[in-house]
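> Need the 3D shape of this:
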Amino acid sequence: MKFIDINCDMGEIPEHVSDGLQESLLPHVTSINVACGAHAGDEQMMRATIEQAMRFHVAVGAHPGYADRVHFGRELLHLSPQEIADSVFDQSCTLAAIAAACGTAVTHVKAHGALYNQAARDPEIARAIAEGVARWHRDVVLVGLAGSQMLDVFRDAGFPVAAEAFADRRYEPDGSLRSRRFADALISDPAEAAAQAIRIARLNRIIATSGAAIPVSAQTICIHGDTPGAPQIAAAVVAALRQSRITPRSLTEANL
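Numbering: from 1, shown residues only. Alright, predicted model coming up:
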């Protein structure tokens, strides 16, 4: 039996917190990454999202991003490493305090959007993320793009890491995520997303937009909460994994 974490970014869109969309996703995921008030979210949304996750026994992680709500943290900001570290520290502390008040703990940290993609390419930015998290807490898992140098930076900083691949995103031939500026960046068909998840979990590869097979070794698979049809995608992914004798298991239960 093989195990893999299924993670989802949450607490980013007020309607999703209150209209049942998040709760419809939670039965199909094992970890969530909660927006910490910079690119999206506020203390009320953080608390509501954490409480939802606790009802489904789902691990809670921090999802710090650039403080740019206009662009949802998906546009590059030219901040210094110190400014990034300070922001990651502040965001992590904010979520951790709310989690503690709810009776749980933050188990992992995954950067959001442009900050995540920049760290995958730039070791200095990855080090800034690790520094910000280390100031808050060292006993957490840092999540990063599978095959990228950010994982090496996180390991060198003394953190356990989880390599991440995406069921609902397309990849470029170099293993980077296809920019959301392209119309085909997202995979919104549940069957296609499920097939990609199986390739990741069973075959350790993805198929790039060029058609080339790219090796990938991942401990966690992401489904974005704001991808159209996310609950249907998550259900299809989990069903396909279970049919292939791959069991969803949170990062806290995995031997990283």
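> list the contacts for residue 232?
Shown in contact with residue 232 (Cβ atoms under 8 Å, 6 or more residues apart in numbering): residue 190. For glycine as for every other residue, the C-beta is placed from the backbone atoms N, C-alpha and C.
> Give me the local confidence score for it.
We have a pLDDT of 97 for residue 232.
> Any figure for the gap between it and residue 8?
Going from residue 232 to residue 8 by Cβ to Cβ, to the nearest Å gives 13 Å.
> repeat for residue 100
For residue 100, the distance to residue 8 (Cβ to Cβ) stands at 22 Å.
> Tell me which of these two has more neighbours.
residue 8 (27 against 12; other Cβ atoms under 10 Å).
> so residue 85, which of the three states?
Secondary structure for residue 85, judged by DSSP: H, G, I helix; E, B strand; the rest coil, is helix.
> Quick check, it in contact with residue 131.
Yes. Under the criterion of Cβ atoms under 8 Å, residue 85 makes contact with residue 131 at 4.3 Å.
> Of those two, give the one with the bigger neighbour count.
Neighbour totals were compared for residue 85 and residue 131, and residue 85 leads with 21 against 17 (other Cβ under 10 Å).
> ok, and the closest non-adjacent residue to residue 163?
The shortest distance from residue 163 to any non-neighbouring residue, by Cβ to Cβ, 6 or more residues apart in numbering, is to residue 146 (3.8 Å).
> Counting neighbours, what do you get for the one you found?
Residues lying near residue 146 (other Cβ under 10 Å) number 24.
> Show the contacting residues for it.
Neighbours of residue 146 in contact, by Cβ under 8 Å, 6+ apart: 163-165, 175, 216-218.
> Buried by neighbour count, from those residues: which ones?
Neighbour counting by 16 or more other Cβ atoms under 10 Å classes 163-165, 175, 216, 218 among those as buried.
> ok, back up a step: which among the contacts of residue 146 gets closest to residue 236?
residue 165 (16.2 Å; Cβ to Cβ).
> correct me, but the closest one touches residue 200?
Yes. Proximity of residue 165 to residue 200 meets the contact threshold set by Cβ under 8 Å, at 4.5 Å.
> so what's in contact with those two at the same time?
Counting by Cβ under 8 Å, 6+ apart, the contacts common to residue 165 and residue 200 are 206, 216, 218, 221.
> any chance of those in a markdown table, plus pLDDT?
Putting the shared contacts of residue 165 and residue 200 into a markdown table (pLDDT from 0 to 100) gives the following:
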| residue | pLDDT |
| --- | --- |
| 206 | 95 |
| 216 | 95 |
| 218 | 97 |
| 221 | 98 |
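> Now render those residues as CSV, adding secondary structure and distance to residue 28.
Shown next, in CSV, are the shared contacts of residue 165 and residue 200 (DSSP: H, G, I helix; E, B strand; the rest coil; distance: Cβ to Cβ, whole Å):
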residue, secondary structure, distance to residue 28
206, strand, 21
216, coil, 21
218, coil, 17
221, strand, 11
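> Return the member of the residues you listed nearest to residue 151.
Nearest member of these to residue 151, counting by Cβ to Cβ, is residue 218, at 10.6 Å.
> was I right about that closest one contacting residue 166?
No. Using Cβ under 8 Å, residue 218 is not in contact with residue 166, being 9.1 Å away.
> and for the two, which residues touch both?
Residues touching both residue 218 and residue 166 (Cβ under 8 Å, 6+ apart): none.
> Give me the neighbour count for residue 179.
Neighbour count of residue 179, defined by other Cβ under 10 Å: 11.
> shaky segments in this structure?
For the chain, applying pLDDT under 70 flags the ranges 254-256.
> ok, longest strand in it?
If you go by DSSP state E, the chain has its longest strand at strand 2-10.
> Can you work out which other helices and strands pack against that one?
With contacts taken as 3 or more Cβ pairs under 8 Å, 6 or more residues apart in numbering; DSSP states H and E, strand 2-10 sits against helix 21-25, strand 31-35, strand 59-63, strand 220-222, helix 230-243, strand 246-248.
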